[in-house]
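1. Below are the sequence and a predicted model; questions follow.
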Amino acid sequence: MCLQLGSHLILGFLVLVAAFRSENWPPKALIEHMDIPAIVKYCLDQCPGSTKAEMELFEKTTDLQNLPNSRELKCYMHCCLVESRTILPNSTRLNMENMMVVMEKLRKEDVDILLRLSRGCIKRTMNVRDPWEYAYILNTCAKLNDNEHYYFIY
């Protein structure tokens, strides 16, 4: 059960952006848990060639069959997950300890959205060994599950 809840929280981190998508989403507990401007700056520096235009296209596109998937975008997604302490560095493993701390602060409504976003995503990544591909698959899965709530920091 703990692993299942933790796997759902990962997608809560994935959908964060500096501006709120709506008045109630993403939950303030997630926003307050990290320094979003510092993460964005660091990850843009760490992933040369990644562009805000490609990130915005990934977030805003409704063409879910033709999502951008450059190596630079995957690098950026992975970096954001590591810097937000959602996954462990250089791995395809969740940082369960950190996720449980944040999960305890969420309202039931927020957890319900995270469950919808993350449905089946961990299963899709079970055999993925490339950390950048892992981050990308988690993002695409969440976007396919609930595009209305999906977005990520950039």
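-> Sure thing, it's come through.
2. just checking, Ile113 is part of a helix?
-> Yes. Under the criterion used here (DSSP: H, G, I helix; E, B strand; the rest coil), Ile113 sits inside a helix.
3. give the contact list for it.
-> Trp25, Asp146, His149 (C-beta atoms under 8 Å, 6 or more residues apart in numbering). Glycine gets a C-beta too; all of them are placed from N, C-alpha and C.
4. I'd guessed the last one sits against Trp25; true?
-> Yes. Because the distance of 5.9 Å satisfies C-beta atoms under 8 Å, His149 is recorded as touching Trp25.
5. Could you list the low-pLDDT ranges of the protein?
-> Across the chain, the ranges flagged by pLDDT under 70 are 1-22, 151.
6. ok, 90 please
-> Low-confidence segments of the chain (pLDDT under 90): 1-36, 49-69, 84-87, 90-91, 93-118, 121-122, 138-139, 142-143, 147-154.
7. can you give me the helices for it?
-> Secondary structure of the chain by DSSP state H: the helices cover 2-14, 28-31, 36-46, 52-60, 71-83, 96-103, 108-118, 121-124, 131-145.
8. Quick one: residues in contact with the longest one.
-> By C-beta under 8 Å, 6+ apart, the residues outside helix 131-145 that reach it are 10-11, 14-15, 58, 64, 67, 69, 71, 73-75, 77-78, 80-81, 87, 90-92, 116-121, 124-125, 128, 150, 152.
9. orientation of that helix relative to helix 71-83 in degrees?
-> Helix 131-145 and helix 71-83 meet at an angle of 90 degrees, taking axes from the mean of the first three to the mean of the last three C-alpha atoms, to 10 degrees as the criterion.
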